[in-house]
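Participant: quick one, what's the 3D model for this:
(one chain, ligands or ions: 1)
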Amino acid sequence: MFKKIAGTKDILPLEATQWQSLEDAARKIFELYNYRQIRLPAIEEAALFDRSLGDSTEIVQKQMFLIKHGADVFALRPEGTAGVVRAYIENQLDKTEGFIKFYYTGPMFRLERPQKGRLRQFSHIGCEAIGSADPAIDAELISLADCLLTEFGISGYKIKINTLGCAKDKKALADFLRKSLSKELGKLCADCKIRYKKNVLRVLDCKEEASRRLVRAIKLDQGHLCADCRDNFLEVRRYLDNLKVGYEFDPLLVRGLDYYTRTVFEISHPGLGAQDAVGAGGRYDNLLKELGGPDQPACGFAFGVERLLLVASQKSEVTNKDLVFLIALGDKAKQESVKLLDALRKNNISADTDYENKSLKGAMRRANDLKAKFVLIIGDDELNKNVVTLKDMQSGSQEEVKMDGLLGRLINNDT
Ligand code: HAM
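Facilitator: Numbers count the residues shown, from 1 in each chain. Below you'll find the model as predicted:
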């Protein structure tokens with residue numbers, strides 16, 4: 001028997017309804033904020049991610065699903081931002097659209113060690129605003145993320161924000177960290193010894209106690225920031241305060257992707273355990289230029305859908321609240337019921353029937369399991385009288401309804 005690959009998930013119909021309501025809610029909110037949908041390939045040139053996320057990042061080093069084909073190397077996308085930027089540049093949207101706000105949903109792939117909330121195929125709901133450096137956009141994105149979580153019925157999360165500053169400031173911070181840690185190198189955890197050389201900023205958000213102890217001793221006072229970046233961050237915070245978005249300033253937040261500059265943020269939820277980030281994002285003002293595009297600043301974030309669902313309290317159950325279930329008793333009735341089924345559907349009434357030839361009792365049980373709103377029973381008796389028996393599954397009441405009045409009765413009956 002074949003089994004699914006570790007770190008992938010089958011989303012069966014019961015769970016799929018939860019996905020649908022989450023995606024519907026997200027679409028509604030994105031549209032309120034005037035974000036427009038973009039749908040992109042799940043496979044891109046691997047080099048796009050090397051260049052965007054950074055050669056030394058964990059994702060590029062260890063987690064890419066690569067496909068070699070002749071001289072080409074493709075990758076299953078590990079995240080959505082690089083593809084959106086590639087599409088913006090390739091389609092010259094700077095010329096036709098200028099500033100544009102996108103949203104997307106879809107599967108992402110990372111070859112990680114699977115555990116709770118950490119999958120090899122997972123889904124993002126994300127958005128990117130390309131073409132504006134206005135700090136009001138950073139605040140809009142964070143407040144949009146906050147609003148989405150509320151709409152999803154999720155509470156108890158924490159929004160942490162920080163600024164990395166511009167590219168020069170990031171370098172100043174890296175130099176400062178290397179200097180501060182140089183005498184204590186031996187005390188860093190094994191991974192951080194490598195990070196020290198390749199990507200020293202990541203030492204800041206290491207979860208290992210050995211590294212954390214050293215990091216705590218470093219005085220991080222935002223001294224690496226230039227005046228512009230300091231002012232910019234103050235502006236972002238002022239907007240967030242005005243919008244009454246609750247957040248925490250976390251000077252240790254750096255994020256695992258190299259493209260970030262200035263504002264970064266992460267949203268964590270205690271219900272998730274070790275992998276506690278439900279979503280994250282930030283500004284990437286240099287990425288478009290670095291990928292050969294126009295010099296346009298940009299900002300965005302993404303939620304992990306599986307993690308959202310792990311903490312969503314209002315798990316929606318299957319509710320076929322408008323389903324009409326037809327039960328035909330006998331061959332002649334079956335012929336009639338197939339026609340009636342068709343008429344119902346053509347009149348926008350969700351309808352189904354018993355395809356397993358169950359007894360009346362069995363078919364009623366099936367209707368009950370499907371949480372049908374009404375059951376229609378047609379047997380010889382009903383055929384002779386040109387009626388159907390209509391049972392309201394909620395109240396349990398039953399009546400005979402004339403065949404030619406049935407559609408009107410079902411369309412108008414919204415009870
Ligand atoms: P990220 O932090 O790598 O950011 O991923 C965003 C979210 O995806 C995480 O907070 C987490 O909820 C979820 N996630 C990540 N990896 C996994 C996994 N292996 N299994 C399950 N869920 C996972 C980005 O990808 C950026 N592109 C976000 C962004 C958009 N920044 C700017 N624009």
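Participant: up against the ligand, what does the stretch 151-300 of the chain have?
Facilitator: Within the stretch 151-300 of the chain, the positions lying close to the ligand (C-beta under 6 Å from any ligand atom) are 277-282, 300. C-betas here are computed from N, CA, C, even on glycine.
Participant: could you dump these to JSON lines with distance to Ile38 and secondary structure?
Facilitator: Compiled in JSON lines, those are given as follows (distance: C-beta to C-beta, whole Å; DSSP: H, G, I helix; E, B strand; the rest coil):
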{"residue": "Ala277", "distance to Ile38": "23", "secondary structure": "strand"}
{"residue": "Val278", "distance to Ile38": "22", "secondary structure": "strand"}
{"residue": "Gly279", "distance to Ile38": "18", "secondary structure": "strand"}
{"residue": "Ala280", "distance to Ile38": "19", "secondary structure": "strand"}
{"residue": "Gly281", "distance to Ile38": "16", "secondary structure": "strand"}
{"residue": "Gly282", "distance to Ile38": "19", "secondary structure": "strand"}
{"residue": "Gly300", "distance to Ile38": "11", "secondary structure": "strand"}
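Participant: could you measure the residue lying closest to Asp50 once chain neighbours are set aside against the ligand, distance?
Facilitator: In space, not counting the residues next to it along the chain, Asp50 is nearest to Val60; the distance is 5.4 Å by C-beta to C-beta, 6 or more residues apart in numbering. Here the distance between Val60 and the ligand works out to 12 Å (C-beta to the nearest ligand atom, to the nearest Å).
Participant: count of residues packed around Val60?
Facilitator: The tally of other residues near Val60 (other C-beta atoms under 10 Å) stands at 20.
Participant: how much space between it and Met393?
Facilitator: 55 Å (C-beta to C-beta, to the nearest Å).
Participant: and the nearest residue to Ile38 once chain neighbours are set aside, which helix or strand is it part of?
Facilitator: Take Ile38 and drop its neighbours on the chain: the residue closest to it by C-beta to C-beta, 6+ apart is Phe102, 4.3 Å away. Counting by DSSP states H and E, the secondary-structure element that holds Phe102 is strand 100-109.
Participant: does that strand reach the ligand?
Facilitator: No - contact between strand 100-109 and the ligand, assessed by C-beta under 6 Å from any ligand atom, is absent, since the two come no nearer than 7.0 Å.
Participant: that strand pairs with which strands?
Facilitator: Here strand 100-109 has these sheet partners by DSSP bridges: strand 36-37 (parallel), strand 121-130 (antiparallel).
Participant: all strands of the stretch 301-415 of the chain, in order?
Facilitator: According to DSSP state E, counting those that start in this stretch, the stretch 301-415 of the chain carries its strands in the segments 324-328, 351-353, 374-378, 387-392, 398-402.
Participant: tell me which of these is the most buried.
Facilitator: For the strands of the stretch 301-415 of the chain, ranked by mean neighbour count under the definition mean count of other C-beta atoms under 10 Å, the leader is strand 324-328 at a mean of 25.
Participant: elements contacting the helix or strand that Ile137 is a member of?
Facilitator: Element membership of Ile137 [criterion: DSSP H and E] is helix 135-151. The helices and strands touching helix 135-151, judged by 3 or more C-beta pairs under 8 Å, 6 or more residues apart in numbering; DSSP states H and E, are helix 13-32, strand 121-130, strand 158-163, helix 227-242, strand 261-268, strand 277-283, strand 298-304.
Participant: ok, residues contacting that helix?
Facilitator: The set of residues that contact helix 135-151 without belonging to it, under C-beta atoms under 8 Å, 6 or more residues apart in numbering, is 25-26, 28-30, 33, 35, 125, 127, 129, 155, 157, 159, 161, 232-233, 235-236, 239-240, 243, 245-247, 262-263, 265, 267, 278-279, 281, 283, 299-301, 303.
Participant: doesn't Leu48 make contact with the residue nearest to Asp50?
Facilitator: No - with contact defined as C-beta atoms under 8 Å, Val60 and Leu48 do not form a contacting pair (10.7 Å).
Participant: ok so, going back, just say helix, strand or coil for the residue nearest to Asp50.
Facilitator: The three-state assignment at Val60 reads helix, by DSSP: H, G, I helix; E, B strand; the rest coil.
Participant: quick revisit: can you convert the helices and strands packed on helix 135-151 into TSV and add a column each for mean neighbour count and mean pLDDT?
Facilitator: Formatted as TSV, the entries for those read as follows, by neighbours: other C-beta atoms under 10 Å; pLDDT from 0 to 100:
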stretch	mean neighbour count	mean pLDDT
helix 13-32	15	94
strand 121-130	24	98
strand 158-163	22	98
helix 227-242	16	98
strand 261-268	24	98
strand 277-283	25	98
strand 298-304	24	98
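Participant: of the ones you listed, which approaches Met64 most closely?
Facilitator: strand 121-130 (13.3 Å; C-beta to C-beta).
Participant: where are the low-confidence patches of the stretch 301-415 of the chain?
Facilitator: Across the stretch 301-415 of the chain, the stretches falling below the confidence threshold (pLDDT under 70) are 313-321, 413-415.
Participant: got any residues that touch both of Val60 and Leu48?
Facilitator: Shared between the contact lists of Val60 and Leu48 (criterion: C-beta under 8 Å, 6+ apart) there are no residues.
Participant: still on that earlier bit, partners of the residue nearest to Ile38 in the sheet?
Facilitator: Arg36, Glu128.
Participant: for it, give me its contacts.
Facilitator: Applying C-beta under 8 Å, 6+ apart to Phe102 gives the contacts 35-38, 84, 127-130.
Participant: what pLDDT does it get?
Facilitator: The score at Phe102 is 98. That number is its pLDDT.
Participant: outline the domain layout of the chain.
Facilitator: Split into domains by automatic domain parsing, the chain comes to 13-160+249-311, 324-414.
Participant: so which of these is nearest Ala172?
Facilitator: Minimum separation from Ala172 across the domains of the chain (C-beta to C-beta) falls at domain 13-160+249-311, 12.6 Å.
Participant: distance of the residue in the stretch 301-415 of the chain positioned nearest to the ligand from Cys229?
Facilitator: Across the stretch 301-415 of the chain, no residue is closer to the ligand than Gly304, which sits at 2.5 Å (C-beta to the nearest ligand atom). Using C-beta to C-beta, one gets 29 Å for the distance from Gly304 to Cys229.
Participant: try Gly54
Facilitator: Gly54 sits 20 Å away from Cys229, taking C-beta to C-beta as the criterion.
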